[in-house]
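1. task: produce atomic coordinates for the following.
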Amino acid sequence: MPTDETPAPGTPAHDRYDAVIVGGGHNGLVAAAYLARAGQSVLVLERLGTTGGAAVSTRPFDGIDARLSRYSYLVSLLPPKIVRDLGLDFAVRKRTVSSYTPAVRGGRATGLLVGGDGTRASFAELTGDDREYDAWQRFYAMTQRVAERVFPTLTEPLPARDVLRSRIDDADAWRTLFEEPIGVAVEERFTDDLVRGVVLTDALIGTFADAHDPSLLQNRCFLYHVIGGGTGDWDVPVGGMGALTDALAGAARAAGAEIRVLHEATRIDTDGARAEVTVRSPDGERVVGARRVLVNASPQALASLLGDEPPAPAEGAQLKVNMLLTRLPELRDHAVDPHRAFAGTFHIAEGYTQLADAYRDAAAGRLPAAPPSEIYCHSLTDPSILGPDLAARGYQTLTLFGLHTPARLFAADNGATRAVLLKATLAELDSHLEEPIADCLALDGNGEPCIEAKTPLDLEADLRLPGGHIFHRDLSFPYATEGTGRWGVETAHANVLLCGAGAVRGGGVSGVPGHNAAMAALGR
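-> As a prediction, the model looks like this:
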């Protein structure tokens, strides 16, 4: 059922189920489909009027037939195994360009275009020789070898640290990614500030950290951004992100799972063998029994439902902006067609020094003077998200993801700070364009520009992401540590599992926590 339509709330058919799943986001739907296909009675409870959570497609602009991936927008970590196992009618497409990063060298507009046959020439044009390109090739050959070995483990029981290290079988790669700050490798292997910044961005997307943070939080983020699919490719979901969650909801229902929207779980009581879930719906409040409860929500929400001690607070650090354009803007770098520059990830103010300066600004409690961000254009790869008329007229979507804007910066006045940050972020983009991006914005049915911005506090309000943290909490390395359990989804309660992004090996649109919680529930 399409995620932008509201199904009838319904009423749970039974008082007791094998599994009750709290939260109808993509991970909860993955778990529901697996458990229902195994013959279990399954009830999914979703407090909103639609399933999908952050992985949805909506029409955010009044009177405009453009169905955007409103929150999450690219797919990398979804294992093909899940698509095959559940028989999903879902596809992704490769982007023709990996990234474009504009720059000014010698007073002249230029840039680095990565992807296709022109990559070596683009490096040489930017840096003057082949040394940075050769270093780039060696570095990403290393990350691909790691990806090939690590990615298949995501849907297996958690390996021990030494087992994963042995599986990677590359001491240099292990040291680079798992033992020392990623900034060390970036500075050792690359000399150009812009190239260093492009490499570092994968360590910072959705994560507030410095390149040399001793916690290695940035390394964990980098790892998840380069292992997807065993290749590190970031793919475009055909039909938008809602196409995935529509397919998952359909697979769960087809297998016999019940999905109830506008049903909010407010309490979980368990003795370790049986559980009761208190549910609030338009029909009132009732209690549903279950052998197991799988919680597709944040660790904070899990603790609240159980009455347990909450974990440390989480904090998101990103700005999400959706735009609809009547045309792509022309670039000051005339050597690159905008249709190529925006086909991949378009980096803005993401040189290595710029990223460090932005982090220092935000850590000191102020908005970055030059806010770093990156853009991608879904409709260049997959125009199906646009209505036929818009597609014929050359309209395009842009998704912007800003970095180093932690939730604390918006606490005093979210609306005013959002407006200031959006203006500054678009000004950084405009500095590389021949025309202001505002001149390219489409107008909605009310004559308003088609642009919306979401801060961490907006994401917390919309989706209950703790502190607006898109991963629910800081990412962890994909190996077992004390207390993680066999699958990384276990909790202090034997029959309560965490199947959301806050599980070990959670984060991003992957379905991995949903798969792993289902395997744990089935005793596999």
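2. and the contacts of the longest strand along the chain?
-> Scanning the chain for the strand with the most residues, using DSSP state E, yields strand 284-295. With Cβ atoms under 8 Å, 6 or more residues apart in numbering as the test, strand 284-295 has contacts from 12, 14-23, 28, 31, 43, 266, 268, 270, 273-279, 301-302, 305, 495-500, 517-518, 521. Any C-beta I mention is one placed from the backbone N, CA and C, and that applies to glycine too.
3. stretch 489-499 now?
-> With Cβ under 8 Å, 6+ apart as the test, stretch 489-499 has contacts from 21, 27-28, 30-31, 268, 270, 272-275, 290-296, 299, 302, 306, 308, 484, 503-504, 513-514, 516-518, 520-521.
4. and stretch 98-117, by the same measure?
-> Stretch 98-117 is touched from outside by 95-97, 119, 122-123, 125-126, 194-195, 197-198, 331-336, 340-342, 344-348, 350-351, 432, with contacts defined as Cβ under 8 Å, 6+ apart.
5. from the contacts of stretch 489-499, which would you call buried?
-> A residue is treated as buried here by neighbour count (16 or more other Cβ atoms under 10 Å); on that basis the buried members of these are 21, 27-28, 30-31, 268, 270, 275, 290-296, 299, 302, 306, 484, 503-504, 513-514, 516-518, 520-521.
6. tell me the secondary structure for the nearest residue to T278 once chain neighbours are set aside?
-> Beyond its immediate neighbours in the sequence, the residue positioned closest to T278 (Cβ to Cβ, 6 or more residues apart in numbering) is R267, lying 4.0 Å away. R267 falls in the strand class when you classify it by DSSP: H, G, I helix; E, B strand; the rest coil.
7. for the chain, which spans come out with low pLDDT?
-> Low-confidence segments of the chain, defined by pLDDT under 70, span residues 1-9.
8. state which helix of it is the longest.
-> Counting by DSSP state H, the longest helix found in the chain is helix 131-150.
9. quick one, the helix or strand following it and helix 131-150 angle?
-> Taking DSSP states H and E as the definition, the helix or strand that follows helix 131-150 towards the C-terminus is helix 161-168. With axes from the mean of the first three to the mean of the last three Cα atoms, to 10 degrees defining the directions, helix 161-168 sits at 120 degrees from helix 131-150.
10. alpha carbons only: can I get whatever helix or strand comes next after helix 161-168 in PDB?
-> Tracing the chain past helix 161-168, the next element assigned as helix or strand by DSSP H and E is helix 171-174. Extracted as PDB, the C-alpha positions of helix 171-174 are listed here (Å, rounded to 0.1, in the frame of the first residue of the first chain):
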ATOM      1  CA  ALA A 171      47.000  -5.500   8.700                       C
ATOM      2  CA  ASP A 172      47.300  -2.100   7.000                       C
ATOM      3  CA  ALA A 173      43.600  -1.900   6.300                       C
ATOM      4  CA  TRP A 174      42.700  -3.000   9.800                       C
END
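11. buried ones in helix 171-174?
-> In terms of neighbour count (16+ other Cβ under 10 Å), helix 171-174 has its buried residues at 173-174.
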